[in-house]
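Enquirer: give me a model of this one.
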Amino acid sequence: MRRLLVGSVAVSALVLAGAAHAEGECGSTSAGWNAPNGAVVFDRSNGPIRDVLDAVGEYRTHSMLSHGPGSTVSHATLATPTQTDWPGVCSKPINGFDLRYGYPGLEQINQGGIYMSLYGDGTGPEWMGWQQGDPTQAALIGDSIWYNHAYVTDVSKHDSGQYLDRPVRNGARVNYSLFQYRDLQSTHQIPGDAVNGGMVCSTFMAYAHNYAGRGVVTPHYYSHAQIANASNSLYTGVYNECKASLGWFVNAALTVACPFSNVCGNAGNQVANCMSANMCDTADGRYWKSVRDDPNATAASISPDRVGGWGVHPINNTIWGPDYSHQVQWNSGGNVYGCWQ
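Expert: Model (predicted):
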């Protein structure tokens, strides 16, 4: 039987909320969650992913595959990307490589790790819930990813005595790729692939569903008006958090360190470029604006709401969709220490 492996998060001045939950890297939980094996656990948290999904009328911001009450969790997430070295940080605040090839990406961690991922910043999600659907079908998904899928083991960046499993695809670790929100390509297919070797939380859930033989989760196609609104919302959200030294930019003080640069505008451009055009290493706003202003530009992706069959999304697209949302409770036994990167 595989070891129960864990991970932690590196914390720098940039804090990516929503896609990544920071500041607590490692810690313990006195009880594990109640989500059954194969259930998908959803949350709604602040950050740039919420800005995008709110703009297209969707609610959930993150999705995770539970391997049972008090057991391990598989999910795709993005830890804090590093800053560009001085003085380049003023014109391009975020390391473009870290933004494009997000770490840790797809990982498997224990209850201590996922608790710190969700609550390590001292606030936690606004909402959480789980859906299982058919228990037998759901368990096949949980077991297939946990027992049958190829993986490698990495040492935690913050606790050398802790480890995390990282499932591999096409022989490589799976990165977190923001471009998945614009175009998931064939991530949901078997064998499938995508640029940056990447997934996000919900495209991983679609992949897991298909990998276990439960069927293809079809993507949703977003109109030009929707992606234009989402692009504006993403840029504005990052800009405002930077100006207020919140979220991504807690304690960064970049506006003080770079008094003659529009550092917050540069940060907003860089993230919007990355998500809309997969151009993560430039803060030239013309790239995301060219997508926003192209009437033929659309998007195809699978969001957490689509995984759960919420809103405009059909409930029969996944085995989880027909279920209603159950409250996540931390009431299974044990005191588990873990990290999430």
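
Enquirer: what about the longest helix belonging to the chain, distance to the chain center?
Expert: Longest helix of the chain, by residue count under DSSP state H: helix 224-243. How far helix 224-243 lies from its chain's middle: 18 Å, per C-alpha atoms, centre = their mean, to the nearest Å.

Enquirer: contacts for that helix?
Expert: The contact list for helix 224-243, computed with C-beta atoms under 8 Å, 6 or more residues apart in numbering, reads 47-48, 50-52, 54-56, 93, 182, 222, 247-249, 252, 254-255, 263-265, 267-269, 271-272, 275-276, 285, 288-289, 291-299. To be clear about C-beta, it is placed using only N, CA and C from the backbone, and glycine gets the same treatment.

Enquirer: restricted to strands, list those.
Expert: Of the contacts of helix 224-243, the ones assigned to strands by DSSP state E are Tyr222, Ala299.

Enquirer: point out where the protein drops to low pLDDT.
Expert: Counting by pLDDT under 70, the chain shows low-confidence ranges at 1-23, 246-248, 250-256.

Enquirer: helices of that one, start to end?
Expert: Counting by DSSP H, the helices of the chain are 48-55, 96-100, 111-119, 135-143, 201-211, 224-243, 254-257, 263-277, 286-292, 304-308.

Enquirer: mind putting those in JSON lines, mean neighbour count included?
Expert: Output for the helices of the chain, formatted as JSON lines (neighbours: other C-beta atoms under 10 Å):
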{"stretch": "helix 48-55", "mean neighbour count": "23"}
{"stretch": "helix 96-100", "mean neighbour count": "20"}
{"stretch": "helix 111-119", "mean neighbour count": "26"}
{"stretch": "helix 135-143", "mean neighbour count": "19"}
{"stretch": "helix 201-211", "mean neighbour count": "27"}
{"stretch": "helix 224-243", "mean neighbour count": "20"}
{"stretch": "helix 254-257", "mean neighbour count": "15"}
{"stretch": "helix 263-277", "mean neighbour count": "25"}
{"stretch": "helix 286-292", "mean neighbour count": "18"}
{"stretch": "helix 304-308", "mean neighbour count": "26"}
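
Enquirer: and for Tyr176, the neighbour number?
Expert: When neighbours are defined as other C-beta atoms under 10 Å, Tyr176 has 29 of them.

Enquirer: what sits against the residue lying closest to Pro36 once chain neighbours are set aside?
Expert: Once flanking residues are discounted, Pro36 sits nearest to Gln132: 5.2 Å by C-beta to C-beta, 6 or more residues apart in numbering. When contacts are counted by C-beta under 8 Å, 6+ apart, Gln132 touches Ala35, Pro36, Gly38, Ala39, Val40, Ala138, Trp320, Asp323, His326.

Enquirer: next: Pro36.
Expert: Ser66, Gly68, Pro69, Trp130, Gln132, Pro135, Ala138, Ala139.

Enquirer: quick check: it vs Asp323, distance?
Expert: Per C-beta to C-beta, to the nearest Å, Pro36 is found 11 Å from Asp323.

Enquirer: so which of the contacts of Pro36 comes closest to Gly105?
Expert: Closest approach to Gly105 among the contacts of Pro36 (C-beta to C-beta): Ser66, at 18.7 Å.

Enquirer: which residues of the stretch 51-200 of the chain fall in strands?
Expert: Using DSSP state E, counting those that start in this stretch, the strands of the stretch 51-200 of the chain run over 62-67, 73-78, 104-109, 127-131, 151-155, 163-169, 172-173, 175-176, 198-199.

Enquirer: turn the ones you listed into TSV, columns for distance to Met205.
Expert: Supplementary listing: those in TSV, determined by distance: least, C-beta to C-beta, whole Å:
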stretch	distance to Met205
strand 62-67	5
strand 73-78	9
strand 104-109	11
strand 127-131	11
strand 151-155	17
strand 163-169	13
strand 172-173	18
strand 175-176	14
strand 198-199	9
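
Enquirer: how about those strands, which one is nearest Gln341?
Expert: Comparison of the strands of the stretch 51-200 of the chain against Gln341 by C-beta to C-beta identifies strand 104-109 as nearest, at 5.1 Å.

Enquirer: return the distance of the closest one from the chain's centre.
Expert: In terms of C-alpha atoms, centre = their mean, the centre of strand 104-109 is found 10 Å from the chain centre.

Enquirer: only alpha carbons, please: show it as CSV.
Expert: C-alpha atoms of strand 104-109 as CSV (Å, rounded to 0.1, in the frame of the first residue of the first chain):
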residue,chain,number,x,y,z
PRO,A,104,3.1,22.1,-7.2
GLY,A,105,0.4,21.5,-9.8
LEU,A,106,-1.2,18.1,-9.4
GLU,A,107,-0.4,16.6,-6.0
GLN,A,108,-1.7,14.2,-3.3
ILE,A,109,-1.5,15.3,0.3
